[in-house]
Each structure stands twice: as structure tokens, then as C-alpha cells.
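Asks: Prediction below, plus the sequence it came from.
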Amino acid sequence: MVRLLRPFGRAVTYTRWLHLFISVVWPSMWLFIEEAWWTWVVAAVALAPAGLVPAMRTVEGLQARLLLTGHRHDSENTDIVVAPSASWADRGRLVVWLEARLLLGCAVSMFTFQLLLLAIDLVSAASGADVEEGSLVLFDGHRWWHVLLVPLPLVTLAVTVLASGHVITALAHRLLGPSAAERIAALEERTDLLLERTRIARELHDSIGHALTVAVVQAGAARAARDPAFTDRALDAIEETGRAALEDLERVLGILRESQRPASSRPTLTDAGRLLESARASGAKVDAEFSGPLETVPGPVSREGYRILQESLTNVLRHAGTVPVGVRVNVTDGAVALEVRNPLTAGITGTGGGSGLRGIRERAALLGGRAHTGPHEGDWQVHVELPLR
């Protein structure tokens, strides 16, 4: 019983009923002036051109969101669109919606009015009062048991209110909902947002992870060396790496604060020297070889190549320590080939399933390239090829 009565404790049940009554207000005013059945036909015909006005979709959408779903006009938790009609298909659906709302509103309002009159007439008949001509009460005269029939029209009225509210809400979702083009546009927007968040997560992982790895390695080496001069150099390296990480963090936060901020402020392969110096300052013996015009590499490829090189050197320092590292970057007419090799140690054996290596493969795949990470001829190798076109 409580479950059956629960919908009648919600405001949206009655706002849906109100929504139907609003649709018949202006035809009813006209009916008072000209009492004829054809006034409803004229009202239905007059709604058709109104539905062809693009702004009408916004008006109807706002009403439906507020009264049928109980959400605010700016809520995103509903499928009802508040944008103007963008196509003739949207206009056609709006015309159908206006006609259906008028028809259902007319039927519900008349049925509601008759049920209320019937309940009043039953009470009047039970109390001995005269029942007016045209009443729905079928028995004349004073009959006390008429009062027992009063709950029937009231229960029917309650069912009508609830059922009509569900019907008009379902129609609103169907006829005022987004079109196929709008659904695709929303999906593309959400996809772009997810890709942007993924890219920002990679940026933070690569830049901050590299800085922390260098700081940990330097601090550990300084403690083991117990040499004041080496400790000073280690602190300088930690300071420089931390400062670069703060710059990277500021760039990422700037992207979050300003969605239109250009990506050109991010480091590229022409800035790879600071990565090599940071690795050398940590104790790694880096043998680097760059060939080809780095400055001609397109921005997206050069920025992703920088991050791939950064993550590769970070993995070497994190898992292999201060070992000899070979870095080769070759720019040709069609691609950039990037390779990082270091002696294979027990700390990095395996298939390369970490999040950093997975990020390298994802970066390469997004640019249409390919990446191989894993053991190769006794070394651990990261080999990436990024197309320039």
C-alpha cells in the first residue's frame, strides 16, 4: 500500500498534471467566446505552424524539463533538449509533440472535470440534495449508499493523474529528445573530453614521475657516496629537475584552467637536452645521437616524442639505476625513429606491462605509429616510430 501511494507524495506527479492543463488554457479561453466543437480543430491546426518555429523547441523543452522531470532548466540529467530546432525532422517532431500534448491535455482535463463532478453529485445524492440535470448519477432520489461510491471516481482520478503523467513524460523523451545528429555531437564532445583528460594524466605521469625518480636516485646516490661535493651536485640536479617539473605542472594546470590555451608551450624534441642532462646528473652514462632536422618535426609529433623519451629515461633510472644508456633519434622525410637502450637487468625483465610503457605505446598509436618495448639482443629497448604525415 505504501508503495502504491508513494508517487502521490512526489511533486512531479502534480506538475505533470499541471503541464497537461497548461496546454488547453488558451483553447479553453477561446471556447468561452465561441462555444463550438470546431474551436478545438482550429486550435490544433494553429499549433502546426507554431511548431515550425525553431525557438518553440526551446520553450517546450524548458517547460518539459521543469514540470515533467523535476529537473532544473540547466540540468544535464535529462534527455529533453532545450536547444532550437536544427533540422526539419526536429520541427516535425515538435509539431507532433504539440498536437499530442493538446489532445492528451484535452482528454485528461475533460475526464478529470467529469470525475470531480461525479464525486460531488454522489455526495449530493447521499445527502438528499437535488441532483442537477445531466448528472452522471444513474439513480434519482435520496439514497444513502451513494456515499459508498464516492471513492470510485476519486481512485479513478488518481490513476488518471498518474498514468497521464507517465504517458506525457514518455512522449516528451521521445519527441523532445536529441536527434541522431545531436547524440553523435554529444558523444564526440564527451570523447574529446575523455581524450583530453587522458592526455593530461599522461602529462602529469611523465613529467612529475620523471622528476620524482631523478630526485630519489640523486638522494640515494648522495647518501651512499657520503661526499660533500657529490651531495652538492646531487642537490643541484634535484633543484633543476624539480624546477622543470614545476614548469610542466604549471603548463598542465594552465590547460585545465584555460581550455583554449595553445599546446605549443609544451616541450618538444628540441628541448631533449635537458632530459639528457638530468639523466647524466643522476649518474647514468647517456650516449645520445640525434640526426636529421629536429626543428622541422610537426608540433604534435615532436611533443609526444619528447614525452616518450622522458618516460623511457625515467624507466631506466627507476628500474635499472645508473647504467649506460644509448639514445638514438633519427628524423627522416617520413618518420621519426626514437630508440632508448640499456643493459637488461633483473629489475626490468618481463613483458613491459607497466603504466608508463603502456602510455608510450598509446602515444605512438594515437599518432599512427608503433612502439616496441621489451628485451632485445641482451638489452632493454624502447623503439618507437612516429610518422610525420
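Replies: Okay, I see it. All values reported here derive from a predicted model rather than from experimental measurement. Residues are numbered from 1 along each chain as shown.
Asks: gap between the two ends of stretch 277-285?
Replies: This stretch, stretch 277-285, spans 10 Å end to end (Cα to Cα, to the nearest Å).
Asks: any idea of the mean pLDDT for that stretch?
Replies: The average pLDDT within stretch 277-285 is 81.
Asks: Could you list the buried residues of it?
Replies: Neighbour-count burial for stretch 277-285 flags 278-279, 281-284 (criterion: 16 or more other Cβ atoms under 10 Å). Bear in mind the C-beta positions are built from the backbone N, C-alpha and C, glycine included.
Asks: looking at the protein, which helix or strand does the model trust least?
Replies: In the chain, no helix or strand scores lower on mean pLDDT, DSSP states H and E than helix 25-33, which sits at a mean of 67.
Asks: Where does pLDDT dip in the stretch 151-300 of the chain?
Replies: 189, 192-193, 195-196, 199, 203, 206-207, 210, 251-265 (pLDDT under 70).
Asks: now the strands for it?
Replies: Shown for the stretch 151-300 of the chain, the strands assigned by DSSP state E, counting those that start in this stretch span residues 285-291.
Asks: Look up which residues are beta-bridged to residue 374.
Replies: Beta-bridge pairing of residue 374 under DSSP bridges involves residue 381.
Asks: any idea how far it is from residue 147?
Replies: Distance, residue 374 to residue 147, using Cβ to Cβ, to the nearest Å: 87 Å.
Asks: Between these two, tell me which one has more neighbours.
Replies: residue 374 (16 against 13; other Cβ atoms under 10 Å).
Asks: Pretty sure that one sits against residue 383.
Replies: No - using Cβ atoms under 8 Å as the test, residue 374 is too far from residue 383 to be in contact (9.5 Å).
Asks: gap between the two ends of stretch 68-86?
Replies: 23 Å.
Asks: Rounded mean pLDDT for it, please.
Replies: Averaged over stretch 68-86, pLDDT sits at 74.
Asks: can you check stretch 339-358 too?
Replies: Computed over stretch 339-358, the mean pLDDT rounds to 68.
Asks: how long is that stretch from one end to the other?
Replies: Using Cα to Cα, one end of stretch 339-358 lies 16 Å from the other.
Asks: coming back round to it: next SSE after the least confident helix or strand of the chain?
Replies: With elements assigned by DSSP states H and E, the helix or strand that comes after helix 25-33 is helix 38-51.
Asks: same for that following helix, what does it pack against?
Replies: helix 25-33, helix 88-127 (3 or more Cβ pairs under 8 Å, 6 or more residues apart in numbering; DSSP states H and E).
Asks: before we move on, the earlier item: how about the buried residues of stretch 277-285, which pair is most distant?
Replies: The most widely separated members of the buried residues of stretch 277-285 are 278 and 283, with 11.1 Å between them, by Cβ to Cβ.
Asks: Restricting to C-alpha, output the helix or strand harbouring residue 314 in CSV.
Replies: Element membership for residue 314, per DSSP H and E: helix 299-315. Extracted C-alpha coordinates of helix 299-315, given in CSV (Å, rounded to 0.1, in the frame of the first residue of the first chain):
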residue,chain,number,x,y,z
GLY,A,299,54.4,20.0,-33.2
PRO,A,300,52.2,17.1,-32.1
VAL,A,301,54.8,14.5,-33.1
SER,A,302,57.7,16.4,-31.5
ARG,A,303,55.8,17.0,-28.2
GLU,A,304,54.8,13.3,-28.0
GLY,A,305,58.3,12.2,-28.9
TYR,A,306,59.7,14.3,-26.0
ARG,A,307,57.3,12.6,-23.6
ILE,A,308,58.2,9.2,-24.9
LEU,A,309,61.9,9.9,-24.4
GLN,A,310,61.2,11.3,-20.9
GLU,A,311,59.3,8.2,-19.9
SER,A,312,61.9,5.9,-21.4
LEU,A,313,64.7,7.6,-19.4
THR,A,314,62.6,7.6,-16.3
ASN,A,315,62.1,3.9,-16.5
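Asks: Report the inter-axis angle for the following helix or strand past that helix versus strand 285-291.
Replies: Using DSSP H and E, the helix or strand that follows helix 299-315 in sequence is strand 324-331. Going by axes from the mean of the first three to the mean of the last three Cα atoms, to 10 degrees, strand 324-331 is angled at 10 degrees with respect to strand 285-291.
Asks: helices and strands around strand 324-331, which ones?
Replies: Using 3+ Cβ pairs under 8 Å, 6+ apart, strand 324-331 sits against helix 272-281, strand 285-291, helix 299-315, strand 335-343.
Asks: For residue 105, find the nearest of these.
Replies: Within those, the stretch nearest residue 105 is helix 299-315; the backing value is 55.6 Å (Cβ to Cβ).
Asks: Return the angle between stretch directions for the closest one and strand 285-291.
Replies: 160 degrees.
Asks: What is the neighbour count of the spatially closest residue to residue 305 that is not a sequence neighbour?
Replies: Nearest non-adjacent residue to residue 305, counting by Cβ to Cβ, 6 or more residues apart in numbering: residue 269, 4.8 Å away. Using other Cβ under 10 Å, residue 269 has 24 neighbouring residues.
Asks: sorry, back to before: from the helices and strands packed on helix 38-51, which stretch is densest packed?
Replies: Highest mean neighbour count among the helices and strands packed on helix 38-51 (mean count of other Cβ atoms under 10 Å): helix 88-127, with a mean of 17.
Asks: Show me what that one is packed up against.
Replies: Contacts defined by 3+ Cβ pairs under 8 Å, 6+ apart place helix 88-127 against helix 11-22, helix 25-33, helix 38-51, helix 54-64, helix 151-175.
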